[in-house]
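J.: need coordinates for the following:
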Amino acid sequence: MDDNDLIEIGIIQALHRDAILRAAQSLPYRTPKLTRDQIQQLTIAEWLTFIHLNQYVDIFHNNGLTELRKIRNIWEVELETMLEIDKCGHRRRILYSLSDFNQRDSMIVSDNSDALSPWLSTDNASVECERDRNEQQQQQQQQNPTSWKGWKHARHELINGECKYLVTYLGSTLVRELRGIDSTRASIGKLKSATANSGEKILKILLSISCHGVQFKDSKSNRLICEHEIRNIHCICQDSEDLNYFAYITKDFETNNHYCHVFMSTQTVGVNPECFK
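T.: This is a model prediction of the structure:
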């Protein structure tokens, strides 16, 4: 863990954080890194037990993840948003255990599919299929690149270009306690209620989405208002009652606060998750 992680979990005083980080260096326990043989042989359940995180076995299995090779290049944002592992120390332990096999040293996405997480670059709904997953993926994309997995856009559109949608921006809320998508849905409910009762005109913006992140633009002048990098977008979800509402959480690195941004659109939902994939 680092200084920002300690701030995120609520340790505000710098002296206390320094003391914790110094003391952590002397701890006798070290998370074991997997050998190449182990990553080929161990099941997810065996590996999680190996790193003392067996409480997440069911979560991995429920998402169709039973083999280590499927997650060896997984990102931290995937652990948080897809698997909802909200404890940053647990996410770091998982990543450290797999670090010798994670070849990505940046968040830049290229046309090379090897740079993507194997879990997210394959059809996760067909995990029971025993044939080679990468071959299956290529065949599906060649046949119909836009209908693959039910995506709204071909993958090259999101990697090499951007998709633009006119959406209603309800605003943002300060997230005082980060609790995964529960925090996102709480913010959606709060701003839905506030805008319904205010009677004020709600801002329309142009949302420009790509694999690099999300940009807010003026709907008339196309002027950039703000932007969020893809690696700083967390806990994307829809409202549980009205699926036209969606939101995500970002972190302000100057203040170390988290903010939830809430939108309403009948078209955009699903594009942000496509960018992660």
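
J.: ok, residue 47 to residue 62 distance?
T.: Using Cβ to Cβ, to the nearest Å, we find residue 47 at a distance of 16 Å from residue 62. Placement of C-beta: from N, CA and C, glycine included.

J.: kindly report the same for residue 247.
T.: Applying Cβ to Cβ, the value for residue 247 to residue 62 is 23 Å.

J.: likewise for residue 262?
T.: According to Cβ to Cβ, residue 262 and residue 62 sit 28 Å apart.

J.: who's more crowded, these two?
T.: In terms of neighbours (other Cβ atoms under 10 Å), residue 262 is the more surrounded of residue 262 and residue 62; the figures are 24 against 9.

J.: what's the burial count for residue 11?
T.: Other residues near residue 11 number 14, with proximity taken as other Cβ under 10 Å.

J.: got the contact list for it?
T.: When contacts are counted by Cβ atoms under 8 Å, 6 or more residues apart in numbering, residue 11 touches 17, 20.

J.: burial of residue 178, as a residue count?
T.: Residue 178 sits with 20 neighbouring residues when counted by other Cβ under 10 Å.

J.: an error on my part: the question was meant for residue 21.
T.: The number of residues packed near residue 21 is 14, by other Cβ under 10 Å.

J.: same question, residue 44
T.: Neighbours of residue 44 under the rule other Cβ under 10 Å: 20.

J.: my read: it touches residue 58, true?
T.: No: no contact is recorded between residue 44 and residue 58 when judged using Cβ atoms under 8 Å, the distance being 10.3 Å.

J.: sketch out the strands for the stretch 151-277 of the chain, chain order is fine.
T.: 163-175, 203-210, 213-218, 224-229, 234-238, 245-252, 257-264 (DSSP state E, counting those that start in this stretch).

J.: in a markdown table, list those along with mean pLDDT and distance to residue 16.
T.: As requested, the strands of the stretch 151-277 of the chain are exported to a markdown table (pLDDT from 0 to 100; distance: least, Cβ to Cβ, whole Å):
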| stretch | mean pLDDT | distance to residue 16 |
| --- | --- | --- |
| strand 163-175 | 88 | 22 |
| strand 203-210 | 86 | 39 |
| strand 213-218 | 88 | 33 |
| strand 224-229 | 88 | 29 |
| strand 234-238 | 88 | 25 |
| strand 245-252 | 91 | 21 |
| strand 257-264 | 91 | 19 |
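
J.: need the ones you listed in a markdown table (columns: distance to residue 96).
T.: As requested, the strands of the stretch 151-277 of the chain are exported to a markdown table (distance: least, Cβ to Cβ, whole Å):
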| stretch | distance to residue 96 |
| --- | --- |
| strand 163-175 | 26 |
| strand 203-210 | 30 |
| strand 213-218 | 26 |
| strand 224-229 | 23 |
| strand 234-238 | 20 |
| strand 245-252 | 21 |
| strand 257-264 | 24 |
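
J.: for those strands, which one sits closest to residue 93?
T.: Residue 93 lies closest, by Cβ to Cβ, to one member of the strands of the stretch 151-277 of the chain: strand 234-238, at 18.6 Å.
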